[in-house]
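# no sequence for this one, just the structure:
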Ligand SMILES: CC(C)(COP(=O)(O)OP(=O)(O)OC[C@H]1O[C@@H](n2cnc3c(N)ncnc32)[C@H](O)[C@@H]1OP(=O)(O)O)[C@@H](O)C(=O)NCCC(=O)NCCS
């Protein structure tokens, strides 16, 4: 996992030493929220990633279900991203019974050629309407702003993905503009780190 990646392109609180950065990088991996255990996705979670992407509510937004090979490839690439960037998506399980709920969290992306820290979520359809995506999102915002001292987070979704846009609004994001992603119109939302405003 690269502390350099945490520094480059994103403002990191001034007094933090390299040791602190490494501590942050490690602690960003596993965490718990009020109801969820968040685990970094890597090859060991390929089967759960496959199961998640069999969910009809998720498949509708990810161009259909994933094959086991696709899930294995994606899990491996998420694991590589965790090691390279110090952030990527968590798998979310209920704390009380271990049930698989969804996934979400931070990742680095490019928008209009510029590197951005992005947040996203996907929850099994039977668990929609219970606030789990917002809970995962809040953990991502805390990691980005309170621990990585990122200056801004982006989130984007298909313009007609009402539920995902509602999560963004619930987390305090504001609509910025439409962008084209994979040839489709997406709504881009931004959230600034108010602690860094002067
Ligand atoms: C996008 C997605 C994650 C949103 O899920 P969601 O269940 O609507 O969002 P939340 O988990 O934040 O739940 C919010 C709902 O729970 C309710 N709720 C209950 N308890 C809550 C709590 N503690 N905190 C927040 N909301 C709570 C809210 O009032 C809201 O209700 P509503 O649906 O009647 O408006 C889900 O639709 C999904 O997985 N879609 C497929 C994948 C996808 O599109 N991902 C985004 C790609 S960019």
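Received it, and whenever you're ready, just let me know what you need. Worth saying up front: this structure is predicted, and the values here are computed from it rather than measured.
# and residue 57, that's in a helix?
Yes - looking at residue 57 with DSSP: H, G, I helix; E, B strand; the rest coil, it is inside a helix.
# just use 49 as the starting number from now, easier for me
Happy to do that; since the first residue is 49 now, the last one works out to residue 105.
# Could you double-check that it lies in contact with residue 177?
No - taking contacts as CB atoms under 8 Å, residue 105 lies outside contact range of residue 177: 11.1 Å. (C-beta placed from N, C-alpha, C; glycine too.)
# Who has more neighbours out of those two?
Between residue 105 and residue 177, residue 105 has the larger neighbour count (other CB atoms under 10 Å), namely 15 against 10.
# List the single closest residue to that one in space, sequence neighbours excluded.
The shortest distance from residue 105 to any non-neighbouring residue, by CB to CB, 6 or more residues apart in numbering, is to residue 173 (2.8 Å).
# Quick one: list the elements packing against the lengthiest helix in the chain.
Using DSSP state H, we find that the single longest helix of the chain is helix 116-133. When contacts are defined as 3 or more CB pairs under 8 Å, 6 or more residues apart in numbering; DSSP states H and E, helix 116-133 sits against helix 51-55, strand 84-88, helix 94-100, strand 148-159.
# buried ones in the following helix or strand past the last one?
I take that to be strand 148-159. For strand 148-159, the following helix or strand on the C-terminal side (DSSP states H and E) is strand 162-171. Residues 164-171 are the ones in strand 162-171 that count as buried (16 or more other CB atoms under 10 Å).
# same check, this time on stretch 84-95
Across stretch 84-95, burial judged by 16+ other CB under 10 Å covers 84-90, 93-94.
# Show the contacting residues for the residue nearest to residue 105.
By CB atoms under 8 Å, 6 or more residues apart in numbering, residue 173 lies in contact with 103-106.
# per-residue confidence at residue 159?
At residue 159, the model reports a pLDDT of 92.
# Also residue 85?
Reported pLDDT for residue 85: 98.
# In the protein, where is pLDDT below threshold?
Within the chain, the segments meeting pLDDT under 70 span 49-76, 246.
# ok, the one residue in the chain that gets nearest to the ligand to residue 149 distance?
Here the chain gets closest to the ligand at one residue, residue 179, 2.4 Å apart by CB to the nearest ligand atom. Remark: distance between residue 179 and residue 149 (CB to CB, to the nearest Å) = 11 Å.
# So between the two, which is more surrounded?
Taking other CB under 10 Å, residue 179 and residue 149 do not tie; residue 149 has more neighbours (25 against 16).
# Thanks again, I'm all set now.
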